[in-house]
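# mind folding the following:
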Amino acid sequence: MSFSAILSWTVALDWRRIAVVAIFFVTLAGIAVGRAPGLRIDRAGMALVGASLMLATGAFGFEDALKAVDLDTIALLLGMMIIVAQLRVSGFFELAGSFALRRAHGPLLLLAAIVIVTGCLSAFLVNDAICLALTPLVIDVTRRLRRNPVPYLLAVAMASNAGSVATFTGNPQNMMIGVASHIPYAQFALRLAPIAAAALLLTFCLIAVVHRREFSTPFSEADGPARARRHPWQIGKAALLTVCVIIAFFAGAPVAEAALIGGSLLLVSRAVNPKKIYAEMDGALLLMFAGLFIVVAGAEKALLTPDALAAVGRLHLENGWILSGVTAGLSNLISNVPAVLVLKPFIEASPNANQAWLVVAMSSTLAGNLTLVGSIANLIVAERAKRSDVTISFFDYLKVGLPLTVLSLGLGAFALSR
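Numbering: from 1, shown residues only. Below is the predicted model of the structure:
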């Protein structure tokens, strides 16, 4: 091979690497912000465009791109979406929420009920869906009681993040970690459920302190509640199958397989049109995951040189405190799901990968409580509240979110370092 041919090959390789870097960072930036200036495109669209551009650069072939999509994670997320959709359509969430809220006879009891119900449901079901279901209910209850809805909505958002730390199925990033790490479901919950419980307690205490004026006055007489449509047979069927799936998780069954089987069985119904279930599912999230898998895999192939690995090694990510800080920072910079994907190759190379995965799961989730845009769950609560003419400002959220995030991350890092 002549010198000119070698030179042209090197230049082409450098330009390809530059293109891959640009696609990677622009895609992650777009997903973090949630929109592109002048364009009507969402996060799923940006992830798919990024994946297509990775293929166009020749970073890897089409077959390699398909292999980069983790089908176990997609199957787990799909199965849980079907389960949660059936629970929502049947009226389960309204029933569970109303049962707890009717028994809250004072503002602090109401706050405690919201934190406990949201946290416990988010521990086993996808926290984004819990926020979708509970936000309108909390707004309705606080308005009938003539209370300021903002502190209680903060509780929904923050408790959904805190509670979802506990298991693989609490949020999308934990699903990815569960599939990648192969940590048993019960072992994962045993290590992280106590941290989730402590974070929920911190959520309650900080909201009560920061908004103490709201909790210093008793309830006035409430207006009559509006009756929600519920389907007892469908609620029973969905609840029974959900419990069976959770038992299968703890028994050691493959989580993706158990979720998909349980979800598919819920589609067998004489009363519920499957279109109602499909309408409740977030297909865009599945597309975003598939695109992100390809974008990150292309970046890994082009950028993970020995020098790059050595540079990351000097960060000492084997130290739980450092890894927790890096994960939290990345999660707020590029969002938690991309952060987990970016950290994945370094965690898999760690001498104690299981411990590192637990730290990443804890940190990427609790970091979502820092700001109003820190997690999708927060944005869901804020957007649903805005539709009901309730505004949660960035500063309203930060007043509680900043101390909550610092304290819960510190507590979590300490617990996992022991």
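# so who does residue 74 touch?
286, 289-290 (C-beta atoms under 8 Å, 6 or more residues apart in numbering). All C-beta spots, glycine's among them, are computed from the backbone N, C-alpha and C.
# now it, what's its secondary structure?
Secondary structure for residue 74, judged by DSSP: H, G, I helix; E, B strand; the rest coil, is helix.
# and it, what pLDDT?
In this model, residue 74 is scored at 89, pLDDT.
# low-confidence ranges in the stretch 1-150 of the chain?
Judged by pLDDT under 70, the stretch 1-150 of the chain has its weakly predicted residues at 1-13, 100-101, 104.
# same check on the stretch 251-400 of the chain?
304-313.
# what about 80?
When the per-residue scores of the stretch 251-400 of the chain are filtered using pLDDT under 80, the ranges that remain are 270-272, 300-318, 334-335, 349, 373.
# ok, residue 409 touching residue 359?
No: here residue 409 lies out of contact with residue 359, judged by C-beta atoms under 8 Å, at a distance of 10.1 Å.
# just curious, which of the contacts of residue 74 is nearest to residue 273?
For the contacts of residue 74, the closest approach to residue 273 (C-beta to C-beta) belongs to residue 286, at 21.1 Å.
# the helix or strand harbouring that closest one: how far from the chain's middle?
If you go by DSSP states H and E, residue 286 is part of helix 283-303. From the chain centre to the centre of helix 283-303 is a distance of 17 Å (C-alpha atoms, centre = their mean, to the nearest Å).
# contacts for that helix?
Here helix 283-303 makes contact (C-beta under 8 Å, 6+ apart) with 16-17, 20-21, 23-24, 27-28, 31, 42-44, 46-51, 54-55, 57, 59-60, 64-65, 68-70, 73-74, 77-78, 81, 172, 337-338, 341-342, 344-345.
# just the buried ones from the residues you listed, in ChimeraX syntax?
If you want just the buried ones from the contacts of helix 283-303 in ChimeraX, going by 16 or more other C-beta atoms under 10 Å, the selection is:
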select :17,20,23,24,27,28,31,42,43,44,46,47,48,49,50,51,54,57,59,60,65,68,69,70,73,74,77,78,81,172,337,338,341,342,344
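# next step: the contacts of helix 283-303 restricted to helices.
Among the contacts of helix 283-303, the ones falling in helices (DSSP state H) are 16-17, 20-21, 23-24, 27-28, 31, 43-44, 46-51, 54-55, 57, 64-65, 68, 73-74, 77-78, 81, 172, 337-338, 341-342, 344-345.
# hang on, the earlier thing: can you add neighbour count and distance to residue 252 and give the contacts of residue 74 back as TSV?
Rendered in TSV, the data for the contacts of residue 74 read as follows (neighbours: other C-beta atoms under 10 Å; distance: C-beta to C-beta, whole Å):
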residue	neighbour count	distance to residue 252
286	17	26
289	21	25
290	22	28
